[in-house]
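>>> Return atomic coordinates for the entry below.
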Amino acid sequence: MAKESFDKEIQFLRMVALTSGAFSRQQYAERLGISVHTFDKTIRRLKEISGSMYPSAPQEQGKAFPDTLRFSYYDSADPALLFLFRAKSVKESESHRVALLLSAMNEQALTAMELLDVCCAGLPSDLPFPDEKTVRSDLKYLEEVGVIRRELGARPFRYRVRNELVRELSDEELVDLYDFVDVMANTQIPSVQGYLLRDGLRKHLLRNQTEKQAAEPFLYKYQYYTRILGEAHLFTLWNAIRQRRKIQFVYFSPKSEKSYASKNTNPLFERDNEGHAEKTLPLKVVYDHQYGRWYLLAHGRMGIRKYRMEGMTQIEEDEPVDENWFDAKTIELEEKIRYSWLIDTGGPVTVRVRFYNPDPSQAESNFVKERVLLQGQWGQIVSEDEHSFLYEITVNGTTEIKPWLRSFGSSCEVVEPVHLRREMIAEWKELLAYYESV
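Okay, the predicted model is just below:
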């Protein structure tokens, strides 16, 4: 599977989720920077994947593809990225080969040559047979990710599936484990590996015909597709940070009219490329809970730069850097974002806000104060009385803290700085104008 293709489908699924299928074929193609013909091929491929993964009734098979990604509110919907991981993470020949290897090692420990014989005997005739190097490469990967283990003993080494967890737990314990993983995967960040573990446990329970698994105890509606789709790049970036390596990628800013550029030789689409080739040293990955976005903070030719991960495509690792230099840039970054509400690197400013307590006769608890103490980061309450309290915090700029303050509505009054107070007054006047009598 080409990474370029994966990027294209990630951007396509993001647009489908955000627009609910409101764009035409031409608009989708223009936004992706591809031809309508390529767009149609992508649609056909995703429809095939959707049909194989979510079999539908005959009357539903004619639906437009965006409809296949819509779920009932009360369903535990699988996120769009998991849809891609299942469908595109391995080639067809790899999926057959790995399935044969795991099935054979599940029953007994085998050597690489014995597994090669298993593959050659079990693969369909229309798929290419692997050689010893390919099988050893598969075994090395499966061992690195913890799926199999190498048995103790002399050469030739024998390998066995690591399934002690599911074999040693009772059905009741496995159901409890499934419920725990289900909750954590739907509420914690990152989530994709949790979803994959959850599905593995589900399949094992269904194979054992565990009756308790028939009903899902928890139901979710997935909110932030940008977050889950951004996880496709997350582990690549973390790996580059751990190894102190630079990365190169094509970046599309949020203001760009396009979100993807295909690698092709057609000059018509090459000149429409609005992406910028970037080469930088990744230092930190930050998640914005308010909007469900991932950000990369990195050091490049222009110093510290910030990138929205949803605009990063064709990410590749580059050369390593000196560890001392990496540590120095990391310290520089931490100093710049020391007072950042999220990732702002502007000058520090002191914000003073008066929060008004709810009416004791109408509220059992002071939920305003509880929320400020929970979400207010390093800010402090400097004074209070029975009606209100004064909150103070020093932050880099006021742009990032403003949505949080605005979310308190009439329970919040900005005192300082004056420019922020004036901005809030202007915004509330604008909102008020929307609700004037007609």
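
>>> Could I get the phi/psi values of the nearest residue to L197 once chain neighbours are set aside?
The spatial neighbour of L197 that comes closest, neighbours along the chain excluded (CB to CB, 6 or more residues apart in numbering), is V181 at 5.5 Å. Where you see a C-beta, it was placed from the backbone N, CA and C, and this is true even at glycine. Per-residue torsions, V181: phi -60, psi -40 (degrees, to the nearest 10).

>>> could you measure V181 against G230, distance?
For V181, the distance to G230 (CB to CB, to the nearest Å) stands at 21 Å.

>>> For the two, indicate the residue with more neighbours.
G230 (27 against 19; other CB atoms under 10 Å).

>>> Would you map the strands across the stretch 151-300 of the chain?
Using DSSP state E, counting those that start in this stretch, the strands assigned to the stretch 151-300 of the chain run over residues 159-161, 245-251, 276-288, 293-300.

>>> closest to G376 out of those strands?
strand 276-288 (16.6 Å; CB to CB).

>>> Buried residues, that closest one. List them.
Within strand 276-288, the residues that count as buried by 16 or more other CB atoms under 10 Å are E278, T280, L281, P282, L283, K284, V285, Y287, D288.

>>> want to try JSON lines for those, with distance to K429 and pLDDT as columns?
Putting those into JSON lines (distance: CB to CB, whole Å; pLDDT from 0 to 100) gives the following:
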{"residue": "E278", "distance to K429": "41", "pLDDT": "89"}
{"residue": "T280", "distance to K429": "42", "pLDDT": "94"}
{"residue": "L281", "distance to K429": "45", "pLDDT": "95"}
{"residue": "P282", "distance to K429": "42", "pLDDT": "96"}
{"residue": "L283", "distance to K429": "41", "pLDDT": "95"}
{"residue": "K284", "distance to K429": "38", "pLDDT": "95"}
{"residue": "V285", "distance to K429": "38", "pLDDT": "95"}
{"residue": "Y287", "distance to K429": "33", "pLDDT": "92"}
{"residue": "D288", "distance to K429": "28", "pLDDT": "89"}
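
>>> Which two among those residues are spaced furthest apart?
So, the buried residues of strand 276-288 by CB to CB: farthest apart are L281 and D288, at 21.7 Å.

>>> give me the beta-bridge partners of the nearest residue to I189 once chain neighbours are set aside?
Leaving aside its sequence neighbours, I189 sits nearest to Y287 (CB to CB, 6+ apart; 5.8 Å). Here Y287 sits in beta bridges with W294, going by DSSP bridges.

>>> tell me the contacts of Y287?
Y287 is in contact with I189, R227, R293, W294, Y295, counting by CB atoms under 8 Å, 6 or more residues apart in numbering.

>>> Going through those, which ones are buried?
Restricting those to buried positions leaves R227, R293, W294, Y295, with burial counted as 16+ other CB under 10 Å.

>>> Mind pulling up the pLDDT for the first one?
You'll see R227 listed with a pLDDT of 79.

>>> wait, doesn't it sit right on Y295?
No: here R227 lies out of contact with Y295, judged by CB atoms under 8 Å, at a distance of 11.5 Å.

>>> quick revisit: right, and the strands of the stretch 151-300 of the chain - which one's nearest F129?
Ranking those by proximity to F129 (CB to CB) places strand 159-161 first, at 19.6 Å.

>>> Give me the residues contacting that closest one.
Contacts of strand 159-161 (CB under 8 Å, 6+ apart): 102, 105-106, 108-112, 115, 139, 142-143, 147-151.

>>> ditto for stretch 411-424
Against stretch 411-424 from outside (CB under 8 Å, 6+ apart): 349-356, 358, 368, 390, 398, 402, 405-406.

>>> May I ask which of the residues you listed has the most neighbours?
Counting neighbours by other CB under 10 Å, the top entry in these is V353, with 24 neighbours.

>>> For my notes, confirm that residue occurs in a helix.
No: read with DSSP: H, G, I helix; E, B strand; the rest coil, V353 is strand and lies in no helix.

>>> hey, C-alpha coordinates of the helix or strand where Y141 lies in PDB?
Using DSSP states H and E, Y141 sits within helix 132-144. This file holds the C-alpha atoms of helix 132-144, laid out as PDB (Å, rounded to 0.1, in the frame of the first residue of the first chain):
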ATOM      1  CA  GLU A 132      12.500 -17.200   3.100                       C
ATOM      2  CA  LYS A 133      13.600 -13.600   3.400                       C
ATOM      3  CA  THR A 134      10.000 -12.400   3.200                       C
ATOM      4  CA  VAL A 135       8.800 -14.900   5.900                       C
ATOM      5  CA  ARG A 136      11.700 -13.900   8.200                       C
ATOM      6  CA  SER A 137      10.800 -10.200   7.600                       C
ATOM      7  CA  ASP A 138       7.200 -11.000   8.600                       C
ATOM      8  CA  LEU A 139       8.300 -12.800  11.700                       C
ATOM      9  CA  LYS A 140      10.600 -10.000  12.800                       C
ATOM     10  CA  TYR A 141       7.800  -7.500  12.400                       C
ATOM     11  CA  LEU A 142       5.300  -9.700  14.300                       C
ATOM     12  CA  GLU A 143       7.800 -10.200  17.100                       C
ATOM     13  CA  GLU A 144       8.500  -6.400  17.300                       C
END
